[in-house]
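In: Based on what follows, work out the 3D shape:
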Amino acid sequence: MQPAQTVRSGPAAERPATDEVVVISRLTKRYGSRAAVEDLSLTVRRGEVYGFLGPNGAGKTTTLRALLGLVRPTSGTATVLGRPAGAPSPGVGALIEGPGFYPYLSGRQNLRVLARYAGAAPDRVDAVLGTVDLLDRADDRYSTWSLGMKQRLGVAAALLKDPEVVVLDEPTNGLDPAGITDMRALLRRLAADGRTVLLSSHLLGEVEQVCDRVAVISAGRLVVEGSVDELVGLRRLVVEAEPLGEAAAVATRLLGADRVSVVDGALHLQAGPEDAARVNRALVHADVDVTGLRQEAQTLEAVFLRMTGPPPGAAGPTADGAGRGALR
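Out: Numbering: from 1, shown residues only. Below is the predicted model of the structure:
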């Protein structure tokens with residue numbers, strides 16, 4: 001696995017440290033000899049939708065549970081809104097590992113029960129039902145609801161105390177395309193309301209559409225972090241040339257070994273359009289015959305696979321609600 005990379009540029013990278021509402025520093029959680037999370041550091045800034053991305057088993061849920069004080073880290077620290085992980089705070093709402101409600105109660109009744117225990121104002125119940133578009137089914141039994149409606153009720157429960165920071169663990173897990181579309185719209189509304197959202201997911205297409213910044217995690221370690229635009233901007237220049245060995249050597253001298261690979265008989269260079277002309281000139285100057293040169297924009301899935309390699313047991317790209325790949 002390659003070392004973690006951080007891509008930072010533009011105004012977002014220049015925000016003051018006081019804008020960091022979630023800070024995880026060198027977090028490690030071990031179960032016996034196995035490290036579920038290892039030396040993980042990341043920050044979430046005020047007002048952004050932050051995607052915590054990786055395949056199942058990568059350590060996402062363990063990290064979020066440590067952040068909320070549901071598990072104790074082996075080492076490292078985590079804070080939310082300046083408070084240590086797990087400290088009571090009305091400014092934090094969370095949905096971890098799916099919602100759990102009384103099946104024989106209606107959606108409204110379930111939220112009233114939670115509101116009493118949480119000390120939330122009674123009028124928050126209908127307010128959050130409206131936020132997640134469930135007012136028309138609020139008096140139906142929870143057991144009669146679809147999975148997508150149940151997930152949205154879980155988000156409503158996380159919003160009862162009108163939190164500033166919302167932590168959501170795989171909110172689209174198990175949803176059909178219509179449910180994924182509804183959840184995507186809900187996440188955008190939360191962001192439009194000015195909330196900070198920390199979202200874990202293994203659906204790369206969904207993260208790409210709703211998140212401002214992304215951290216890619218694999219085997220409990222951070223491998224890359226940056227804005228979605230910055231990460232997919234790590235584009236690929238594909239060069240067909242002969243002799244291929246000499247072409248690779250020239251490209252390596254020009255760009256560095258970490259930006260050059262040989263795939264299926266062609267050079268794959270981590271390079272943008274601004275690099276194409278100078279790569280071509282260097283190859284021609286070295287008497288290398290260039291027979292093809294094309295720019296390929298990357299998806300977030302391509303970035304993930306290039307940084308980490310296919311995760312164990314992962315299937316190839318499959319269609320999800322957004323028509324993009326998913327890592328399972």
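In: how about low-confidence regions in the stretch 101-250 of the chain?
Out: 229-230, 232-235 (pLDDT under 70).
In: Next, the distance between the ends of stretch 259-272.
Out: 11 Å (Cα to Cα, to the nearest Å).
In: Likewise for stretch 275-293?
Out: 11 Å.
In: Return the distance of it from the chain's centre.
Out: 37 Å (Cα atoms, centre = their mean, to the nearest Å).
In: Name the residues that touch that stretch?
Out: 237-243, 246-247, 250-251, 253-255, 266, 269, 271, 295 (Cβ atoms under 8 Å, 6 or more residues apart in numbering). (Glycine included, C-beta is placed from N, CA and C.)
In: If you go by neighbour count, which of the residues you listed are buried?
Out: 237-239, 241, 247, 250-251, 254-255, 266, 269, 271 (16 or more other Cβ atoms under 10 Å).
In: Mark which of those are part of strands, please.
Out: The strands, defined by DSSP state E, take in 237-239, 241, 266, 269 from these.
In: which ones are touching the closest residue to residue 59 other than its chain neighbours?
Out: Nearest non-adjacent residue to residue 59, counting by Cβ to Cβ, 6 or more residues apart in numbering: residue 220, 3.8 Å away. By Cβ under 8 Å, 6+ apart, the residues touching residue 220 are 29, 35-38, 40, 58-59, 62.
In: do that again at 6 Å, thanks
Out: 35-38, 59 (Cβ atoms under 6 Å, 6 or more residues apart in numbering).
In: Got the phi and psi for it?
Out: For residue 220, the backbone dihedrals are phi 80, psi 0 (criterion: degrees, to the nearest 10).
In: what's the domain layout of the protein?
Out: 5-231, 235-297 (automatic domain parsing).
In: Would you check that residue 227 makes contact with residue 213?
Out: Yes - at 5.1 Å, residue 227 and residue 213 qualify as touching, with contact defined as Cβ atoms under 6 Å.
In: Neighbour count for the two, which is higher?
Out: residue 213 (23 against 19; other Cβ atoms under 10 Å).
In: So what sits opposite the more buried one in the bridge?
Out: When assigned by DSSP bridges, residue 213 has beta-bridge partners residue 50, residue 227.
In: Distance check, it against residue 276.
Out: Going from residue 213 to residue 276 by Cβ to Cβ, to the nearest Å gives 28 Å.
In: Also residue 109?
Out: Taking Cβ to Cβ, one finds residue 109 at 62 Å from residue 276.
In: center of the protein, which residue is that?
Out: residue 51 (2.5 Å; Cα atoms, centre = their mean).
In: How about that residue, nearest residue that isn't a chain neighbour?
Out: residue 211 (3.5 Å).
In: Let me know the pLDDT of residue 2.
Out: The per-residue pLDDT reported for residue 2 equals 45.
In: can you pull out the helices in the stretch 151-300 of the chain?
Out: 177-192, 204-210, 228-232, 244-255, 273-285, 300-308 (DSSP state H, counting those that start in this stretch).
In: what about the first one, distance to the chain center?
Out: On the basis of Cα atoms, centre = their mean, helix 177-192 sits 15 Å off its chain's mean C-alpha point.
In: Likewise for stretch 144-161?
Out: Distance, centroid of stretch 144-161 to centroid of chain: 21 Å (Cα atoms, centre = their mean).
In: For the stretch 51-200 of the chain, which segments count as strands?
Out: Here the stretch 51-200 of the chain has its strands, by DSSP state E, counting those that start in this stretch, at 75-80, 83-84, 92-95, 165-169, 196-201.
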